[in-house]
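Asker: Sequence and predicted model, in that order:
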Amino acid sequence: MDAIKLRRSIRKYDLSKKVPYDTLVELCKYASYAPTARRQIDKEYIIVDDEKVIEKMKNLPHGSLSYEDCNTYIVMVAKDPKKLYIAGMEPIDLGMAAENVMIKACELGLGTCYLGVYPNEERMKQFNSLFSMKDGDFVFGVIAVGYPLEENKEWDKFDPKTVHHNKY
Ligand SMILES: Cc1cc2nc3c(=O)[nH]c(=O)nc-3n(C[C@H](O)[C@H](O)[C@H](O)COP(=O)(O)O)c2cc1C
C-alpha cells in the first residue's frame, strides 16, 4: 500500500471508536523521524482525547472539519524559536513531522485531517490560551486522528508542467 498516495483529508469519523493512546504515541514517534534543521528538538505533542477538552476546542476557529467531527487530536507544539539554534526553520520541521504522522496513520488504516493554526494569529492566540502555552512555545497545528468513515483514496494532483529541468 502506498500510503503517501492514498492519504486524504478525512472529515467524517466513526465516533463510537477511539484510537488507542499507545497508537497515538507511536504516531508522535513517527513525527520525530522527520528531518529537523541542525537536528534541533523543536517540537512536542499534546494528545487530546478528553471530550471536555474537545468541547472547548469546538469554540475555536477551524476550516471545513469541525472539532466535534473527531474524538482524538494530536496538537503539534513548536518550541519557542528563541530557544533554538536556528530560528525560523521550525515551521518547516513541524510541517514535515505532521506529514509523517498522517502517512503512518493512513498505513494503519486510520484517517487524519490537518487543521492549520500557525501562522494565523487569531487561531494561535486562542489555541495557545486553551492549552496554557508558556515560555514562548506555541501551538503550530492540529491533526485529527480517527477511524475513517470516508475512504483514504488516491487523488492525483500532479501536473507534469510543474516540473522544470535545470531552469524555471
Ligand atoms: C496548512 C494546512 C492547513 C489546513 N487547515 C485545514 C483546516 O483548518 N480545516 C480542514 O478541514 N482542513 C484543513 N487542511 C486540509 C486541506 O484542506 C487538504 O489537505 C486539501 O484540501 C487537500 O486535500 P487532501 O488532504 O485530501 O489531499 C489544511 C491543510 C494544510 C496543509
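Answerer: Done, it's in. Residues are numbered from 1 along each chain as shown.
Asker: which secondary structure elements does the biggest helix by length in the chain contact?
Answerer: Scanning the chain for the longest helix, with DSSP state H as the assignment, gives helix 90-107. Using 3 or more C-beta pairs under 8 Å, 6 or more residues apart in numbering; DSSP states H and E, the elements in contact with helix 90-107 are helix 3-6, helix 21-31, strand 43-48, strand 73-78, strand 111-116, strand 138-146. Heads up, the C-betas are built off the backbone N, CA and C, glycines and all.
Asker: Give me the average confidence score over it.
Answerer: Helix 90-107 shows a mean pLDDT of 97 in the predicted model.
Asker: What of stretch 47-60?
Answerer: 94.
Asker: Excluding chain neighbours, what is closest to the most centrally placed residue in the chain?
Answerer: By C-alpha atoms, centre = their mean, the chain has its centre lying nearest to residue 143, at 3.4 Å. The shortest distance from residue 143 to any non-neighbouring residue, by C-beta to C-beta, 6 or more residues apart in numbering, is to residue 74 (4.6 Å).
Asker: Spell out which residues of the protein are next to the ligand.
Answerer: Taking C-beta under 6 Å from any ligand atom as the contact definition, the chain meets the ligand at 8-9, 11, 62-65, 113-116, 155.
Asker: Which members of those define the maximum pairwise distance?
Answerer: Maximum pairwise distance in the residues of the chain next to the ligand, criterion C-beta to C-beta, is 21.6 Å, between 62 and 155.
Asker: ok, those two, which is more surrounded?
Answerer: Neighbours around residue 62 and residue 155, counted as other C-beta atoms under 10 Å, are more numerous at residue 62. The numbers are 19 against 11.
Asker: if I look at the more buried one, how far off is residue 114?
Answerer: Residue 62 sits 11 Å away from residue 114 when distances are taken as C-beta to C-beta, to the nearest Å.
Asker: again, but for residue 141
Answerer: 6 Å.
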